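J.: Sequence plus the predicted model coming up.
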Amino acid sequence: MKEVTALIKLQIPAGKANPSPPVGPALGQHGLNIAQFCKEFNDRSQEHAAGTLLPVIISVYKDRSYSFEVKQPPMSTLILAKANLKSGSACPNRDKVGHLTLDQVKDIATQKMPDLNAATLEAAMKTVIGTARSMGITVDSMNEGVDA
């Protein structure tokens, strides 16, 4: 097992990694091949829509090699895309800017599940609902349709 000397966490638009900041300086200070990383990242992020912000965690090893893991887009990005919004509310407790159905919440939770520490899909859905509410987006209640 190689010894990890650094972990670099960045958010890079899908398919648009290039040597300019923040990528170049972050990798350059650890002596990594920036052009090679950009090419690999752009190849791996093809499945996402161009420009979608993707978190990436880069493990830098002692011999100046690296490996990286591309995560799912941030939950707020997924919620805004499902609700067809540009941004959340400036006053989420007062001004509501959109609405999500439980099916949309389930889609987001299913997509984001590998990155969450939720044990069940229901717990992941509750996380999505909490994030949506903090953005001023209303959500159907999870208790609707359940016979009490």
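T.: Yep, it's here. Numbering: from 1, shown residues only.
J.: And the helices in the protein?
T.: 23-28, 34-44, 75-82, 102-112, 121-134 (DSSP state H).
J.: what packs against the third one?
T.: Translated: helix 75-82. helix 102-112, helix 121-134 (3 or more C-beta pairs under 8 Å, 6 or more residues apart in numbering; DSSP states H and E). Glycine gets a C-beta too; all of them are placed from N, C-alpha and C.
J.: Could you dump those into a markdown table with distance to residue 85, mean pLDDT and mean neighbour count added?
T.: Shown next, in a markdown table, are the helices and strands packed on helix 75-82 (distance: least, C-beta to C-beta, whole Å; pLDDT from 0 to 100; neighbours: other C-beta atoms under 10 Å):
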| stretch | distance to residue 85 | mean pLDDT | mean neighbour count |
| --- | --- | --- | --- |
| helix 102-112 | 12 | 86 | 18 |
| helix 121-134 | 11 | 86 | 18 |
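J.: got a markdown table for these, with distance to residue 30 too?
T.: Shown next, in a markdown table, are the helices and strands packed on helix 75-82 (distance: least, C-beta to C-beta, whole Å):
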| stretch | distance to residue 30 |
| --- | --- |
| helix 102-112 | 29 |
| helix 121-134 | 32 |
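J.: For residue 51, which of these is the nearest?
T.: Checking these against residue 51 by C-beta to C-beta gives helix 102-112 as the closest, at 17.3 Å.
J.: For that closest one, enumerate the helices and strands it packs against.
T.: helix 75-82, helix 121-134.
J.: Minimum distance to residue 103: which of those has it?
T.: helix 75-82 (9.7 Å).
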